[in-house]
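Trainee: Sharing a model that was predicted from the sequence below.
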Amino acid sequence: MLPTPCYLLSDTHLGVGPLAIEVQLRSFLRAVPGRAKSLVLNGDIFDFWYEWRTVMPRTGFRVIAALADLRDAGVEIVWLSGNHDVWGSALLRTDVGLDFRLDDWEGAIGGWHAHIEHGDGLRDVEDRTYRRVQHVMRSRWAIHLFGMLHPNLANWIAVKTSSTSRQLNRQSDGAGLERVAMARLAAHPEVNLVVFGHAHVSTLKRAPGGGVYANPGTWLDAPNFLRITDETVELRRWTGSGEGDRLDALDRLPQKPLGRP
């Protein structure tokens, strides 16, 4: 269970966008204490992330420090890996103290029964080839072999290959992941909130059965995030002060008891 208010963002892709994105993200993280009790980072926070035994990527080190400060302030943090930051390990889990996961997260957020995952590899047809690559990239031997590369060379390779993924995401226009979300809400009536990232398209939509699909979008376009309370999901834009501007909101509808019409 994650306490509310819960803030959720994804796809900041630190390392490829302008420095202003990192500055905005640090400003956002500094404002979380006192406004949110939990924070979910839904993948691709870095455009490349790998933890060597004694080395960490230089990009965004001040963001990592800000996350450690949030944990010290008592804010619960869940980081779900995306396709760009899948290789997190001891630094995030032990040194920073957050809950870093390679898979999805499902549980209660206030009155919501939420299912959250980054979204890569979920489309049946479009992601068929990617799923084979995903399996290899997450294997122990691939992680070990990549760790043997010099960090400068490893970073160069990662940055060169990551741009293809970002372009494919934009071409999908979010429609594929929205179909996956709506199908999941229909198939699992106990779930009334599905949250994805990955598609780079901000979305807040009601399903026919009353559940909600939400996607905060990418900070490469605008610093949007979700604010989840006991009864409401809000799509907001960080403006540097307060809680930002509310762009859209949907309330939680009462769920019918299972087995009744």
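Mentor: Looks like it came in fine. Numbering: from 1, shown residues only.
Trainee: so where's the stretch 51-200 of the chain shaky on pLDDT?
Mentor: Within the stretch 51-200 of the chain, the stretches falling below the threshold (pLDDT under 70) are 125-139, 141-144, 146-148, 154, 156-173.
Trainee: change it to 50
Mentor: For the stretch 51-200 of the chain, the stretches with pLDDT under 50 are 164, 166, 168-171.
Trainee: Walking through it, point out its strands one by one.
Mentor: Assigned by DSSP state E, counting those that start in this stretch, the stretch 51-200 of the chain shows strands spanning 76-80, 99-101, 105-109, 112-116, 193-195.
Trainee: For the last one, which strands pair with it and how are they oriented?
Mentor: If I follow you right, that is strand 193-195. Strand 193-195 has the following sheet partners, assigned by DSSP bridges: strand 112-116 (parallel), strand 212-215 (parallel).
Trainee: Buried deepest among those, which one?
Mentor: Among these, strand 212-215 has the highest mean neighbour count (mean count of other CB atoms under 10 Å), at a mean of 25. Backbone N, C-alpha and C define where each C-beta goes, glycine included.
Trainee: Contacts for that strand next, please.
Mentor: Defining contact as CB atoms under 8 Å, 6 or more residues apart in numbering, one finds that strand 212-215 is touched by 8, 10, 119, 174, 177-178, 181-182, 185, 192-197, 199, 201-207, 226, 233, 235, 250, 252.
Trainee: what distance separates that strand from the centre of its chain?
Mentor: Averaged C-alpha coordinates place strand 212-215 at 13 Å from its chain's average position (CA atoms, centre = their mean, to the nearest Å).
Trainee: Could you tell me the angle between the helix or strand following it and strand 105-109?
Mentor: Sequence-wise, the next helix or strand downstream of strand 212-215 (DSSP states H and E) is strand 224-228. Taking axes from the mean of the first three to the mean of the last three CA atoms, to 10 degrees, strand 224-228 and strand 105-109 form an angle of 60 degrees between their directions.
Trainee: Pull up the pairing partners for the helix or strand just after strand 224-228, direction included.
Mentor: Once strand 224-228 ends, the next helix or strand along the chain (criterion: DSSP H and E) is strand 232-237. Applying DSSP bridges to the sheet, strand 232-237 is found paired with strand 224-228 (antiparallel), strand 245-251 (antiparallel).
Trainee: which residues touch strand 232-237?
Mentor: Taking CB under 8 Å, 6+ apart as the rule, strand 232-237 contacts 112, 193, 202, 204, 212, 214, 216, 222-228, 243-252.
Trainee: what does stretch 92-104 give?
Mentor: With CB under 8 Å, 6+ apart as the criterion, stretch 92-104 contacts 51, 64, 67-68, 71, 76-81, 86, 88-89, 115-117, 138.
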